[in-house]
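Enquirer: Take this sequence and fold it.
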Amino acid sequence: MIISWLANPERFSKVFTPVRPWVAGLSLVLFAWGLYLCFASPEDYQQGDTVRIMYIHVPAAWMALFTYLVMGVASFFGLIFRHALADAAAKAAAPIGAVFTALALITGSLWGKPMWGTWWEWDGRMTSVLVLFLFYIGYIALHASIEDEQRAAKSTAILALIGLINLPIIKFSVDWWNTLHQGASVFRPDGPTVAPSMLWPLLVMALAYKALFVWLWLIRIDTEILNRKYNGLRARLGFREGGA
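Expert: Have a look, this model is predicted:
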């Protein structure tokens, strides 16, 4: 019911445009708090100060997966139910997710070099995250290569849904294959194994990333709505001029 009500682009913009400054402010506060906690947290007894890369890398990796899930769900609604806003929401999420994934890959390499002695290893986790990045890039490129909006929406929605298969592979890759990555240490049935002094900065930074995503996503959805209005108006005016 709520999803159907918000599927109208005009209604969506009217509801969420006033929310954007508050989300931006929340993100700024959370980042400031999270960075303070990151630098105030103790060094790791093995990794030293290098462990602070975790507070950037891990939330970026979480957001890479979360953003693709959002893109996949929006693509599903756009493909099956043909909601007017669903494709715009999926398209708006793709570049944000690509940046999060690139950040996760880069910071992972920076963290891996002093810890593992290598910038890159073709293990299950790293390779599957690289595949995720390629899905994002492929989605963006496919959308840009098809001029017809409906054809582009259908083709990219199918690609996004296929890419969802990669998410559980990323999640369980450390359990299925030999990997340099450690197993889950935060979201575990028996509770986190990370010390509270390191867990709190990590969770605050994760919330900061989430708020940043919501803010950027809302802006990009509104931009996409305006862009489609503009293209529709141009098409109508061009048709009238051609028929005159």
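Enquirer: quick one: low-confidence parts of the protein?
Expert: 1-7, 44-46, 180, 182-193, 232, 234-235, 238-244 (pLDDT under 70).
Enquirer: which residues make contact with the helix or strand hosting F172 from outside it?
Expert: Using DSSP states H and E, F172 sits within helix 166-176. The contact list for helix 166-176 (C-beta atoms under 8 Å, 6 or more residues apart in numbering) reads 65, 68-69, 123-125, 128-129, 131-132, 135, 179, 181-184. To be clear about C-beta, it is placed using only N, CA and C from the backbone, and glycine gets the same treatment.
Enquirer: Just the buried residues of those.
Expert: Listed as buried from the contacts of helix 166-176 are L65, Y68, G124, R125, S128, V129, L132, F135, T179, H181; burial here means 16 or more other C-beta atoms under 10 Å.
Enquirer: Would you mind identifying the next helix or strand past the helix holding F172?
Expert: helix 196-243.
Enquirer: rewinding a little: can you tell me which of the buried ones among the contacts of helix 166-176 lies nearest to F39?
Expert: F39 lies nearest to H181 out of the buried ones among the contacts of helix 166-176, by C-beta to C-beta, at 24.9 Å.
Enquirer: what's the spacing between the closest residue in space to that closest one that isn't next to it in sequence and K171?
Expert: Of all residues not flanking H181 in the chain, R125 sits nearest, at 4.5 Å (C-beta to C-beta, 6 or more residues apart in numbering). From R125 over to K171 the distance is 9 Å, taken as C-beta to C-beta, to the nearest Å.
Enquirer: what does L159 give?
Expert: Distance from L159 to K171, by C-beta to C-beta: 20 Å.
Enquirer: G138 too?
Expert: Taking C-beta to C-beta, one finds G138 at 21 Å from K171.
Enquirer: Identify the residue spatially nearest to T107, adjacent ones excluded.
Expert: Per C-beta to C-beta, 6+ apart, closest to T107 is H57, 3.8 Å.
Enquirer: Surely the one you found touches G108?
Expert: Yes - contact criterion C-beta atoms under 8 Å: H57 and G108 qualify, at 5.6 Å.
Enquirer: Between the two, which has more neighbouring residues?
Expert: Each of H57 and G108 has its neighbours counted (other C-beta atoms under 10 Å); G108 has more, 23 against 20.
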